[in-house]
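[1] please work out how this folds:
(one chain, ligands or ions: 1)
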Amino acid sequence: MKVERGSAMHALVSELYPICRSITGNGVRETLRILQKSIPLSINEVPTGTTVFDWEVPKEWNITNAWIKDPNGREIVNFRNSNLHVLNYSIPVHKKVSLEELKKHLHYLPEYPDWIPYRTSYYKADWGFCISYNQFLSLQDGEYEVFIDSSLEPGSLTYGELYLEGESKEEVLLSAHVCHPSLANDNLSGISVAVFLAQHLMKTKRRFSYRFLFMPGTIGAIVWLALNKDKTQNIKHGLVLSLLGDSGNFTYKKSRRDTAEIDQVVSYILGKSSPENRIIDFIPYGYDERQYCSPGFNLPVGCLSRTPYGQYKEYHTSADNLSLVKPDKLEESLQTVINIVDTLEGNRKYLNLSPMCEPQLGKRGLYSLQGGTNNTKDFQMAMLWVLNLSDGEHSLLDIQKRSKMNFQDLKYAADALEKVNLLKTLN
Ligand code: ZN
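    Predicted coordinates for the structure are as follows:
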């Protein structure tokens, strides 16, 4: 079952991989339409020129073809072989240039001579090609013909949104960037985890409401925040999902608040699953947590990745491909996010309704129960901890920290105690 789910997640990554995405344009639309086959996502368009805080929605970029022909008229680079070959957001061009002139528009990676780098020029009008360093070294003197069949015109920025209503209006935000072309880990992995999490939550009873955003990085988050300011007050927890398919351990970057409930929950889940997982402090750089955690919003949103951006060698190159992303790692990432969500859902504060000395558990039939634990003793300890610290001040996660017991065991204990009216849920 779980192996199957990992394979299905990888299949979605593979389906999306060939599409040329950018911060605007048909690549994002096509991507979101594919996601609509799995989840009931709305596709939203925000016109070019719309002012969003200090920014403006840019012209829409689309591309159909691009190539370079060498001095003998032989095609040596073609966009259809890899969409990374074109500087993303290149202006259209069709002309003959000397090798010297061409070199000013070429990007390559001497340290990885077989790989094509991924480069963008969103806010500066420029054209360019990205090629392997080996190919760069093989270029002969002479006149080259360059052709980029792109368009930059008034249009719109496209993003996807899915809202799943829960018992409470309080929301959990899940956000994944959808602007990268053929790069698998960055961020088709995050998109895939978000889609399968949404499918899981659609079948689950939910305390919180959940909002999924599939948006181009930076400008997409700025657009959404600018147009939905009133909704942000309901966001009580959030995660940016990125780089979740490689074989590295997990890294969680905390929210700007540093001690938000999401920070505590993720620290607990990652700490429990492996000592190699890392929790790092907030910095105002990275993915869209930068926008969610800008001081005017200061939302409790952290970022979950495996190996962080820039720290794996395939990052932003053609080697971030379908073999870098592993089905079992996607599955493990999804299960980790599900565990995070389950803990958020279950992390309530309770009030002990019989706080004067210990209540008698035996006469309520609670001593023989095992709850979710393997032994009766653990379950008794869990009940005693929950009763002792349920004074209205401590959440279950606070009780977990003090007791070092398993959160789910404490949750079973709290449920059992509530059933016999020894506890009352406060939030
Ligand atoms: Zn990236």
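[2] what bits of the stretch 51-200 of the chain have low per-residue confidence?
    By pLDDT under 70, the stretch 51-200 of the chain has no low-scoring segment.
[3] mind listing the helices for it?
    Secondary structure of the stretch 51-200 of the chain (DSSP state H, counting those that start in this stretch): helices at 99-103, 133-137, 190-202.
[4] so which of the ones you listed is nearest residue 76?
    Taking C-beta to C-beta, helix 133-137 is the member of the helices of the stretch 51-200 of the chain nearest to residue 76, at 7.2 Å. (Each C-beta comes from the backbone N, C-alpha and C, glycine too.)
[5] buried stuff in the closest one?
    133, 135, 136 (16 or more other C-beta atoms under 10 Å).
[6] other residues contacting it?
    76, 77, 106, 108, 109, 110, 112, 113, 114 (C-beta atoms under 8 Å, 6 or more residues apart in numbering).
[7] switch the cut-off to 7 Å
    If you take C-beta atoms under 7 Å, 6 or more residues apart in numbering as the criterion, helix 133-137 is touched by 106, 108, 109, 110, 113, 114.
[8] could you do stretch 64-72 as well?
    The contact list for stretch 64-72 (C-beta under 7 Å, 6+ apart) reads 75-80, 85-86, 129, 140, 142-149.
[9] 8 Å instead?
    Under the criterion C-beta under 8 Å, 6+ apart, residues 75-80, 85-86, 90, 102, 129, 139-150 lie in contact with stretch 64-72.
[10] narrow those to those that are buried.
    With burial judged by 16+ other C-beta under 10 Å, the buried subset of the contacts of stretch 64-72 is 77, 79, 85-86, 90, 102, 129, 139, 144-148, 150.
[11] tell me the two of those that are most distant?
    Pairwise distances among these were taken by C-beta to C-beta; the largest, 22.7 Å, belongs to 139 and 150.
[12] so the helix ranked longest in the chain versus helix 190-202, what angle?
    For the chain, the helix with the greatest residue count under DSSP state H is helix 327-346. Inter-element angle recorded for helix 327-346 and helix 190-202: 50 degrees (by axes from the mean of the first three to the mean of the last three C-alpha atoms, to 10 degrees).
[13] for the residue of the chain most remote from its centre, helix, strand, or coil?
    Here the chain reaches farthest from its C-alpha mean at residue 363, the gap being 48.8 Å by C-alpha atoms, centre = their mean. Of the three states, residue 363 takes helix according to DSSP: H, G, I helix; E, B strand; the rest coil.
[14] how much space separates it from residue 384?
    Counting by C-beta to C-beta, to the nearest Å, the gap from residue 363 to residue 384 is 16 Å.
[15] also residue 155?
    Using C-beta to C-beta, residue 155 is found at 63 Å from residue 384.
[16] between the two, who's got more neighbours?
    In this view residue 155 and residue 384 are compared by other C-beta atoms under 10 Å, and residue 155 has more residues nearby, 19 against 14.
[17] OK, contacts around the most centrally placed residue in the chain?
    Nearest to the mean C-alpha position of the chain, by C-alpha atoms, centre = their mean, lies residue 241 at 1.4 Å. Under the criterion of C-beta under 8 Å, 6+ apart, the neighbours of residue 241 are 174, 175, 176, 187, 190, 191, 193, 194, 304, 337.
[18] now with 6 Å?
    Residues in contact with residue 241 (C-beta atoms under 6 Å, 6 or more residues apart in numbering) are 176, 190, 193, 194, 304.
[19] what strand or helix carries the last one?
    Secondary-structure assignment from DSSP states H and E places residue 304 in strand 301-305.
[20] residue 236 reaches residue 170, doesn't it?
    Yes: between residue 236 and residue 170 there is a contact under C-beta atoms under 6 Å: 4.6 Å.
[21] the two: which is more packed in?
    residue 236 (19 against 15).
[22] sec struct for that one, please.
    Strictly by three-state DSSP, residue 236 counts as strand.
[23] now do it, the pLDDT please.
    pLDDT recorded at residue 236 is 98.
[24] just the one 5 residues further on next, same as before
    In this model, residue 241 is scored at 98, pLDDT.
[25] how far away from the center of its chain is stretch 120-130?
    The chain centroid and the centroid of stretch 120-130 are separated by 26 Å under C-alpha atoms, centre = their mean, to the nearest Å.
[26] just the CA atoms of that stretch, as CSV, please.
    C-alpha atoms of stretch 120-130 as CSV (Å, rounded to 0.1, in the frame of the first residue of the first chain):
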residue,chain,number,x,y,z
THR,A,120,16.2,32.8,-14.8
SER,A,121,15.9,36.5,-15.6
TYR,A,122,12.4,37.5,-14.5
TYR,A,123,12.8,41.1,-13.9
LYS,A,124,15.6,42.1,-16.3
ALA,A,125,15.0,41.9,-20.0
ASP,A,126,17.6,39.5,-21.3
TRP,A,127,18.0,36.4,-23.5
GLY,A,128,20.3,33.5,-22.9
PHE,A,129,21.0,29.8,-23.2
CYS,A,130,22.2,27.3,-20.6
